[in-house]
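Peer 1: A structural model of the following input is requested.
(one chain, ligands or ions: 2)
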Amino acid sequence: MADIIVAIDGPAGSGKSSVSKAAARRLGFDYLDTGAAYRALAWFVLDRDIAPEDTETVLSSLGAFDYSISIDPSEPVVMVGETDVTDAIREPRVSAAVSAVARVPEVRSFVTSIFRSTMDAAPHDGIVVEGRDITTVVAPDAEARILLTADEEVRMARRSAELTSESAADVGEQLRSRDRADSRVVDFLTAADGVVTVDSTHLDFDQTVDAVLEVIARETTRTSHG
Ligand SMILES: Nc1ncnc2c1ncn2[C@@H]1O[C@H](COP(=O)(O)OP(=O)(O)OP(=O)(O)O)[C@@H](O)[C@H]1O
Ligand SMILES: Nc1ccn([C@@H]2O[C@H](COP(=O)(O)O)[C@@H](O)[C@H]2O)c(=O)n1
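Peer 2: Ligands and ions are numbered 1, 2, ... in the order given. Predicted coordinates:
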């Protein structure tokens, strides 16, 4: 198991995946995107024509959900069985379905045990794990725990600036409604005890990575001294 676990949570579009990947690369750590597992399950359910809200059928399909993810921050590849779903899980139809599967407690325990096994098997000295409940549920004892946030308008603007066929208004509404649904299940908007907030509202990307790296350095020094 990696000696150092860095847990990063935050709302949609706060920069969790891009900033975590960059920080992991700078540190020579592995990187685990936990949202990818929920997205891959939503993709799998849609692929089987199961309604994401049909909890009973979603749960009965879990046994056939053959999920894997690479934890190389430079090449995160997501597979379901033999299918590479790395790009497909980012499609708007998957984003729209994911909260319905992620709200089910049995789904959460199922994927959480996958995350813990992945962390146990991580080959490098450390791993950066990002999502919504990493600081509180998946890895509450992580050496560094960070809530990465930014004002909603800033997150919407950053998302809209990405290459997309959708209008800025649609992108913004999708981000807001996903946060609304997800925050009924997990609190990723307030920092739990011991979790350090990094607010990137007024920081550019590189400054945000530096701020996260500073917190990691400080927290890992503190925890290694008891
Ligand atoms: N500090 C920053 N300044 C400018 N752009 C940023 C900053 N942080 C992140 N971004 C950009 O914001 C966008 C959203 O970031 P990212 O996809 O990493 O967010 P996320 O929290 O993983 O989102 P989601 O939960 O929806 O998957 C990306 O285009 C990223 O490059
Ligand atoms: N720890 C997590 C991570 C994600 N989710 C759910 O997955 C969705 C997609 O996550 P992204 O980080 O890729 O945007 C997210 O909207 C949540 O529904 C989660 O519940 N817990």
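
Peer 1: Would you mind naming what in this structure lies close to ligand 2?
Peer 2: 12, 34-35, 38-39, 98-99, 102, 131-134, 178, 182, 186 (CB under 6 Å from any ligand atom). C-beta: built from backbone N, CA, C; applies to glycine.

Peer 1: Could you rerun that using 8 Å?
Peer 2: When proximity is defined by CB under 8 Å from any ligand atom, the chain lies next to ligand 2 at 9, 12, 16-17, 33-39, 42, 89, 95, 98-99, 101-103, 108, 111, 115, 130-134, 137-138, 178-179, 181-182, 185-186, 188.

Peer 1: Please tell me how far the residue nearest to the spatial centre of the chain sits from Asp54.
Peer 2: Nearest to the mean C-alpha position of the chain, counting by CA atoms, centre = their mean, stands Gly131 at 2.8 Å. Separation of Gly131 from Asp54 (CB to CB, to the nearest Å) stands at 24 Å.

Peer 1: how close does the closest residue to Ala157 other than its chain neighbours get to Ala192?
Peer 2: With CB to CB, 6 or more residues apart in numbering as the measure, Ala168 is the residue that lies nearest to Ala157, at 8.0 Å, once sequence neighbours are left out. Computed as CB to CB, the Ala168 to Ala192 distance reads 33 Å.

Peer 1: repeat for Thr57
Peer 2: Shown here: Thr57 relative to Ala192, a distance of 34 Å by CB to CB.
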